[in-house]
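Participant: have a look; sequence and predicted model below, questions after that.
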Amino acid sequence: PDDPMKFLSAALCGDCGVDGKLTLDGKVSPDGKSPSSPSPRTEEEKGILRESIHVLPSCVRRGAPTRLLDFGSGETGFYSYEMLDDGRRLKVKSSKRKEAFFASFVEPWRPDAFCKALTEEFELQADTSSGALVFFAGATGMHREMLMSDSNGAECAQNFLCEVQQCLSSRFGGREAKIWLFVPSGLLEAQLELYATEWLVQHAKLVERSALEGRNLNDSGEIFPGMLVRDVFQQLDKNGNGRFTALDLKSIAANSNGKAKKLAGIASELASHKEKNGDRSDGMTLHDFETSLETSDDLQMAVQDIIFSGTLSAGGGSCQMAMMGDGTMPSLQLFTAPIGNRLPLVEGEFSKPVLAQERETWRGRIRAELSRANFPQGVRGLYVGIAAAFHAVKAVGLDGR
């Protein structure tokens, strides 16, 4: 939605913007009545909705925190979201534990330890008036593969969570506890990550001027690589004259929408300001554009939004590259390779310490898998490294470049 906070506030307040009722599973009934829900026996006796593992729940809860669990390949994430009373601010808490759900809790069968982790990370209180304790648990990476392909492992995980529910209920004075386990597809996970990252790129400056003063973010000290800035400039220089005026940009703004319209509007204001200040040169040149980019926050935000092209992510079991489409219709291309930073450890490929030959063998496997998955080469644009890719790039000193 154009205004995510307004949309979320409406959802939390029960106003879904249509003549209907927003239900737990996200479906809207025109007559205001909830669609048929699982029978009481399903929820009370099974606890976990086992038949719905492939169904993505609508996780927004009214009047209570929305608690999300992320079962990643090498760690478990704990996330809590709660809309404040003013309906405009979202209270967010997040934390991670370097303990994988299956390896650290299910296999050694430690329901009490997992119950304790939930209590500590979500800061649960013994308040019987607060209703049921509800958690939404999404499995990604190796856990997704296991739950999808290993019926015994999936059954074991669900039985474990049933016992965790009982443990929570006993710990908190008989309060009902529910854990909804679901498995998003790899494509959906990448799509959500891409859209979330795009939203951040549109609302937060990636480069602060103070950071520029401390160190150069690329070899020439530019905010963004010169070739990307030239690409953007050429979009504004429709006539190919090496310059543009405020008048030239009016047609672009009139015939464009979204990102291009916003960029043309900001550039037009800068060009008009330049002309009003007595600069009689015929429009803004590439040099003028680059100078304005360093001094105008609005222009920098518009440019980074235009050049944002996708994400690079990595985890314990796989690596992904998500690329945005170049047209007016939203589209996504996803490339994924079944290699992650935990694989050589799980498969016993590394000694302690790791030998040079083992490391080179692992590098070769990475290259082979990337080639087999047809990862693109020679593409350019602004790609944001997330998950393990963020930590890897930062560790070798290439962050911000």
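Facilitator: Cool, the structure landed.

Participant: could you use CA atoms for every contact and neighbour count after this?
Facilitator: OK.

Participant: which residues in the stretch 201-350 of the chain form strands?
Facilitator: With strands called from DSSP state E, counting those that start in this stretch, the stretch 201-350 of the chain shows them at 243-244, 284-285, 308-314, 319-324, 332-337.

Participant: same check, this time on the stretch 51-200 of the chain
Facilitator: Going by DSSP E, counting those that start in this stretch, the stretch 51-200 of the chain shows strands at 66-71, 76-83, 90-97, 133-139, 177-182.

Participant: so how far is the second one off the chain centroid?
Facilitator: Averaged C-alpha coordinates place strand 76-83 at 14 Å from its chain's average position (C-alpha atoms, centre = their mean, to the nearest Å).

Participant: before we move on, what about the fourth one?
Facilitator: Its chain's C-alpha centre lies 18 Å from the corresponding centre of strand 133-139 when counted by C-alpha atoms, centre = their mean.

Participant: give me the angle between that strand and strand 66-71.
Facilitator: 30 degrees (axes from the mean of the first three to the mean of the last three C-alpha atoms, to 10 degrees).

Participant: alpha carbons only: can I get strand 133-139 in CSV?
Facilitator: The C-alpha trace of strand 133-139 is given here as CSV (Å, rounded to 0.1, in the frame of the first residue of the first chain):
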residue,chain,number,x,y,z
LEU,A,133,-0.5,-16.6,23.7
VAL,A,134,-0.2,-16.7,19.9
PHE,A,135,2.9,-17.2,17.9
PHE,A,136,3.4,-17.5,14.1
ALA,A,137,6.4,-19.6,13.2
GLY,A,138,7.8,-19.4,9.7
ALA,A,139,10.4,-22.0,8.5
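
Participant: low-scoring pLDDT stretches of the stretch 201-350 of the chain, where are they?
Facilitator: 208-222, 257, 274-282, 326-330 (pLDDT under 70).

Participant: then the stretch 1-150 of the chain?
Facilitator: For the stretch 1-150 of the chain, counting by pLDDT under 70, the residues that fall below are 1-2, 4-52, 61-62, 128-130.

Participant: ok, now with 90
Facilitator: In the predicted model of the stretch 1-150 of the chain, residues 1-65, 72-75, 82-91, 125-132, 140-150 satisfy pLDDT under 90.

Participant: now mean neighbour count and distance to Glu193 too, for the strands of the stretch 51-200 of the chain, in TSV please.
Facilitator: TSV is the format used below for the strands of the stretch 51-200 of the chain (neighbours: other C-alpha atoms under 10 Å; distance: least, C-alpha to C-alpha, whole Å):
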stretch	mean neighbour count	distance to Glu193
strand 66-71	21	13
strand 76-83	20	15
strand 90-97	13	16
strand 133-139	21	14
strand 177-182	23	17
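
Participant: in the biggest helix by length in the chain, what's buried?
Facilitator: Longest helix of the chain, by residue count under DSSP state H: helix 151-171. For helix 151-171, the neighbour count (16 or more other C-alpha atoms under 10 Å) marks 153-154, 156-169, 171 as buried.

Participant: just checking, what packs against it?
Facilitator: helix 111-121, helix 141-149, strand 177-182 (3 or more C-alpha pairs under 8 Å, 6 or more residues apart in numbering; DSSP states H and E).

Participant: if we can go back for a sec, just put the strands of the stretch 201-350 of the chain in CSV and tack on mean neighbour count and distance to Asp86.
Facilitator: Output for those, formatted as CSV (neighbours: other C-alpha under 10 Å; distance: least, C-alpha to C-alpha, whole Å):
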stretch, mean neighbour count, distance to Asp86
strand 243-244, 22, 45
strand 284-285, 22, 45
strand 308-314, 22, 33
strand 319-324, 22, 35
strand 332-337, 18, 35
